[in-house]
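In: Starting from these lines, generate the structure:
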Amino acid sequence: MDNCIFCKIIKGEIPSYKVAETEEAYAFLDIGPLAYGHTLVLPKKHIANIFEADPKDLYPVLDLVQRIAALMKEKLPCDGVNILINNGEAAGQSVMHCHWHLIPRKAGDGYHFPPPGSLSPETAQKILKSLR
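Out: Numbers count the residues shown, from 1 in each chain. Predicted structure coming up:
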């Protein structure tokens, strides 16, 4: 896609700190990292989000996600890795090219997701009914 910043990064039109590359996927350091080593992994094929993806296009990307996460755990000072994907503006997606965030984490690093809520049995049944 002509105006996609991630497509331009993949083509080398915009510089990046490349972590890894395969025939189907590209990984580079996030320029606004949430933690030391925060990396983005994306398909080379322009896919806006998970809803538009063909699963066969995601398998090689997820393979690279897994390999980089394992490498982070082995080589970086981290105790774990958050792996997340935002799909759509309402979910926080700011670049409309499907991508995964790999965020190395240390115990006690102070980065927290919102506190857990409370799920009532009634709400659980309502959700389950909607999703079946």
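
In: Could you use CA atoms for every contact and neighbour count after this?
Out: Will do.

In: Report pLDDT for Pro115.
Out: According to the predicted model, the pLDDT of Pro115 comes to 69.

In: quick one, phi/psi of Cys78?
Out: Backbone torsions of Cys78, given as degrees, to the nearest 10, read phi -150, psi 160.

In: ok, now Leu34?
Out: On the backbone of Leu34 - angles per degrees, to the nearest 10 - the values are phi -90, psi -20.

In: my guess is it contacts Arg105, does it?
Out: No. Between Leu34 and Arg105 no contact is recorded; they are 9.6 Å apart, counting by CA atoms under 8 Å.

In: hey, which helix is longest across the protein?
Out: Looking across the chain with DSSP state H, the single longest helix is helix 55-75.

In: Check the offset of that one from the chain's centre.
Out: Relative to its chain's centre, helix 55-75 lies at 10 Å (CA atoms, centre = their mean, to the nearest Å).

In: Among Leu34 and Arg105, which residue is more densely surrounded?
Out: Relative neighbour count places Arg105 above the other of Leu34 and Arg105, with 23 against 15, counting by other CA atoms under 10 Å.

In: Just list whatever residues bridge to the more buried one.
Out: In this structure, Arg105 bridges to Gly80 when assessed by DSSP bridges.

In: And it, how far from Met1?
Out: Arg105 sits 33 Å away from Met1, going by CA to CA, to the nearest Å.
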